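J.: Sequence and predicted structure below; questions after.
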Amino acid sequence: MVSLTINGTVHQVDAEPDTPLLWVIREQVGLTGTKYGCGVAQCGACTVHVDGVATRSCSLPVSAVTPEQKIVTIEGLSPDTSHPLQKAWLELDVPQCGYCQTGQIMAAAALLQANPSPSDEDIVAEMTNICRCGTYNRIKAAIKLAASENRG
Amino acid sequence: MTAALDVSRRSFLVGSAAAAGGLALGFNVPLTGDALAQTTPEINAWVMVRPDETVVVRIGRVEMGQGTLTGLSQLVAEELECDWSKVTTEYPTPGQNVARSRVWGNFQTAGSRGVRDSHDYMRKGGAAARQMLIQAAANGWGVPASECTVAKGVITHSSSGRTITYGKVAEAASKLEAPKDVQLKDPKDWTIAGKPLKRLDTAEKLNGSQIYSIDVKRPGMLNAAIKACPVFGGKLKSFDAAQVQGMPGVKKVVAVGDNAVAVVADTWWRAKTALDALPIEWDGGPNAALSSESIDQMLKEGLKAEQAFVGNQAGDVKAAIAGAAKKVEAEYGFPYQHHATMEPMNATALWTNERCEVWTATQNAEAALATAVTASGLPIEKCDVYRQNLGGGFGRRATSHDYVRQAVLIAKEMPGTPVKLIWSREEDMLHGHYHPITQAKMVGALDADGNLTGLHMRISGQSILAGVNPQGLQNGRDPATFQGLNPTGTEGVLGYTIPNLLVDHAMRNPPIPPGFWRGVNNNQNALYLECFMDELAHAASKDPLEFRRKLLVNHPKHLAVLNAVAEKGGWGTPAPQGVYRGLAQHMGYGSYVAACAEVSVGDNGVLKIHRIVAATDCGHAVNPQQIAAQIEGSFAYGLTALLYGEITLKGGKVEQENFDSYQMMRMDEMPEVESIVMPSGDFWGGVGEPTIFVAAPAVLNAIFAATGKRIRSGPLTKADLRRA
C-alpha cells in the first residue's frame, strides 16, 4: 500500500511502486481531471502540483512521492472553480476540446505562484504544454488577465 | 468533403445490413444505459423544455472543440425565441436516430459541415417548436395564436397582457401536431445567432469535471491495453500469455482479430505493464520492406506518368507551355501527417449475447454503431453507442473506428464485464489514418508581358477515398483530390482564371491507411498552388498581390478576402525591420480564406513567425468569436505540420512513436493571429478547417521574401533557412 496526500485527503492505494503518479490519481484514486497524453513528460496534460511545483505526473513513479508531500490536482485547485486562472479562462472562452486545459491551468497556477506578474517571455518559457486545438494565444491572454486581477 | 459524407452513409449501411430494413420498419430500440431523459415530453426531435424552463437542444453533430454545440444551439434558440441562459444540449444516440428514421440527420462531424449542413433543419426545428408552444398557450387561453407574441421563453397575449412561460405549456405543446410550414428569420434580424456568445461548455473544462471517453467509468469495469502489428498489413503470429498471467491485476490475455493482442487487467497501467512484458511474435507480411524512400520513388514516377485523372481543364496547356516566352517549373511535396489528438483512441464496450453497448469519442456515431454491430455479431437493434466528449478529432475519429472494433472484440471475450480499451500514445502514433502523401509538378507559361497563359499542375500520390471507401471513386478517379481546384461548384472552386489549364492526378496508393486530416487535400493543394503563384509572380517580375488580383477578377469573393488581408496586413507598406510578408488565398468547404504572414529569419537560419492576418468569408457567421478561435487554432495545426510534421516509414512501420520524435508547435512559436470574419451573407460555408489551407503557403512565401529560398516541402526542421 502507498500513502498519498491528494487535495488535502490522505489516500491508501494499492499500486506497484513504479506506477506513475498519473495512473494512481486516475485509476486508484478516481480523479480523472488529470489527463494522459503521452506518458513521456512531453505534453503536460498530466500536470499536477507536488508541494506547489508543476509536475508531469505521467513520469513520476508513485514511490518517489512521500506521504507528507502535498499533491494538488485540478479538482483541488479551488473548491468552486474560483481560482483567478479558472475565472480568466472562463472570461476569455479559452478551451476548445478542453482535454489539455486542466494541465495548462495547473502549469499556469504554479507559474503565477512563483511569479505573480510574469512577462510574455516568462509565460512562454514556462508554458510548454501542448494544445492541439491551438488555444495558445488565449491561454497567454488568460494568464495575463489573471495576473492583472491578482494585483487588484 | 461530400465524398466523406457518402463514405459514412455508405459504410453505415454496408456495415449494418439490418439497418436498411430497420429504417423502413421503424423498429424500437430499447432505451437503456445513458438513454435520453424521457420524463419530459419533447416538443419535437430538436427541442425539449423542462418544467424549470431549461431548454434542451438535441444535437446530431458532435462537439470536439470546434464549438458546434454552441453554434447549433444559437440557431435553434434564435428561432425558438427562448432565454439563452436556459439552454443546454444533449446527444441522441445513433440507435435512437436509426429507430426514428434518422430524424436528427447525419451524425458525421467532418468537412466543416456542422453548421453549414445542419442550419436549415435545426432552425426549422426551433421555429416549429416556437409555433407549437405559442399555440399551446393560445389554446389554454382560448385566443388565436396570432394574438400572442413571445420573447425569451415568455408568451404574452397582447390584448389581455396575460403571460405564461415555455416550461408551463411544454407538455401541452408536445401533444400538438407539428406545423407543416415554418417561416425562418432573416439573418439580419438575428439576436442570438450571429453574436459572439460564450460557449456553453467551458466551465466543466476548467475543473476536471468534464468526462471524456477516456474517463468513462462503468460498474465492474476492467481495462485493456493493446498492441497491433506495427507493420501495416502484418499479422499476429504468436504470444506467450503464460509469461504475464501472474502479473498484478491481470485477468486475461486475448488475441484481437488477426493482427493484435490485448491484456485485460483491473487497471490500465497494470494491463499496459503486462503487455509490455508479453512476448509477441509478428508476421510483417507483404509491406515489411516498405520505406519512405520506396514511397518517394512511387510518387516521383507519377509526376511523369502519361495517364492521370483530370480535375480541371481549359484550353490547350501543352501548346501554351510550348509557346511560352518564359516557362517556370517546380516540384513540391507534402509528407504524411498524424492527427495526434491529445486524447489517444479509446472505447469502452459491454457485450452480452443479448446486447452490445459502446461508450466512445467519435465524429460519426452512426459509423461507430455500424462497427459495433459488425464486431458484436448482434443485430443493430441490440447495439448502441453513447457519445462521449472528444479530446480532439481533426478527422481521426471520423471514418475508421478501429478502436471500437477492438474494444467490442475484447469485450466479447469477457461477457457481461465492461472493458475500457485505451491505446498508448505509441500505439496511437503507429496506427493512425494519416494525412496522405502527395507531390506535385508545377509548370507555368508566361507571355512576354508576364501574363500567366498556361498552368499544368500534376499531382501524384495517395487518394483518401481509395483507402477508406473505394466504392466512392468515380471510374477510379477520386474527386476529393481536387479540393479547391474545381472549375465549378459551391465547395471549393479555383479562383484563378487561366486560359490554358490542366490539373490532373496520377493516383499512387502506398499501403499506408490514409484518413481525413483537418483541411484534407486542400492543405497540399493550397500549398502547391499558392507557393507556385508566388514563384510565377517573381518570374514575371510582378508584385505577388497584383499578379493574383488580375487572375481573380472573375471571382470577387476570392479577391475580397485576399484584399482584406493585404490591407490589414500592410502589404505594400514597410514592414518592421527584418520582417517579411507572404500571401495566400484558397477556397474550400464552402468558404473563402486568405492570409498574410509576417516572418523573420535570423542569420543563424532561425525562423520566427510573428503575425498572421487571416480572413474568412463563410457566408453567415453564427458565432464570430468562436470563428476567431477556430482561425487561431487552424494556424497552430497547419503550422505545426509545416514546422515539424512528417511521418516516415522504415520496414513497413512508422518511425515516430511519441511527441519527442513527432514534435508539436508550443506557445513560444505561436504567432499573433488577427482574424477578419467577413461574412457576405448569401451562402453557408464552414469554419473549422478553411483557414488552415493558407497557413503553410503564406508562411513559405514570407520565408522566400526573407531569404530568397524556396522551400517546397515540409517539414521546416529539414530545411536550411540561412540566406544563400
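T.: That came through fine. Numbers count the residues shown, from 1 in each chain, chains lettered A, B, ... in the order given.
J.: OK, contacts around the residue in the stretch 51-200 of chain B that chain A sits nearest to?
T.: In the stretch 51-200 of chain B, the residue that lies nearest chain A is residue B:65 (3.2 Å; C-beta to the nearest C-beta). Placement of C-beta: from N, CA and C, glycine included. With contact taken as C-beta atoms under 8 Å, 6 or more residues apart in numbering or on different chains, residue B:65 is in contact with A:95-98, A:133, B:390, B:392-393, B:633.
J.: repeat that for 7 Å
T.: Contacts of residue B:65 were listed using C-beta atoms under 7 Å, 6 or more residues apart in numbering or on different chains, and they are A:96-98, A:133, B:392.
J.: same check, this time on residue A:126
T.: A:107, A:111.
J.: how far away is it from residue B:185?
T.: Distance, residue A:126 to residue B:185, using C-beta to C-beta, to the nearest Å: 47 Å.
J.: coming back round to it: identify the farthest-apart pair in the contacts of residue B:65.
T.: A:98 and B:392 (9.6 Å; C-beta to C-beta).
J.: Who has more neighbours out of these two?
T.: Taking other C-beta atoms under 10 Å in any protein chain shown, residue A:98 and residue B:392 do not tie; residue A:98 has more neighbours (31 against 26).
J.: And the strands in chain A, which stretches?
T.: With DSSP state E as the criterion, chain A has strands at A:2-6, A:9-13, A:47-50, A:53-56, A:70-72.
J.: Buried deepest among those strands, which one?
T.: strand A:47-50 (a mean of 25; mean count of other C-beta atoms under 10 Å in any protein chain shown).
J.: For chain B, what's its nearest residue on chain A.
T.: Closest point on chain A to chain B, by C-beta to the nearest C-beta, is residue A:33, at 1.7 Å.
J.: Could you pull up the residues touching residue B:213?
T.: So residue B:213 contacts B:343, B:346-347, B:359-361, B:388-389 (C-beta under 7 Å, 6+ apart).
J.: Got phi/psi on it?
T.: When read as degrees, to the nearest 10, the backbone of residue B:213 gives phi -50, psi -40.
J.: how about stretch B:210-224: buried residues?
T.: By 16 or more other C-beta atoms under 10 Å in any protein chain shown, the buried positions in stretch B:210-224 come out as B:210, B:212-216, B:218, B:222-224.
J.: Same check on stretch B:307-327?
T.: Buried, per 16+ other C-beta under 10 Å, within stretch B:307-327: B:308-309, B:311-312, B:314, B:317, B:320-321, B:324.
J.: export the residues you listed to a markdown table and tack on pLDDT?
T.: Conversion of these to a markdown table gives the following (pLDDT from 0 to 100):
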| residue | pLDDT |
| --- | --- |
| B:308 | 98 |
| B:309 | 98 |
| B:311 | 98 |
| B:312 | 98 |
| B:314 | 98 |
| B:317 | 98 |
| B:320 | 98 |
| B:321 | 98 |
| B:324 | 98 |
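J.: quick one: residue B:263 and residue B:271 touch, right?
T.: Yes. Contact status for residue B:263 versus residue B:271: in contact at 4.6 Å, counting by C-beta atoms under 7 Å.
J.: Show me which helix or strand of chain B is least confident by mean pLDDT.
T.: Sorting the helices and strands of chain B by mean pLDDT, DSSP states H and E puts helix B:17-25 at the bottom, at a mean of 26.
J.: list the contacts for the residue nearest the centre of chain A?
T.: Nearest to the geometric centre of chain A sits residue A:106, at 2.7 Å (C-alpha atoms, centre = their mean). If you count contacts by C-beta under 7 Å, 6+ apart, residue A:106 has them with A:47-49, A:54, A:74, A:77.
J.: Next: residue B:523.
T.: Residue B:523 sits next to B:334, B:692-693 when contact means C-beta under 7 Å, 6+ apart.
J.: Tell me the secondary structure of residue B:297, please.
T.: helix (DSSP: H, G, I helix; E, B strand; the rest coil).
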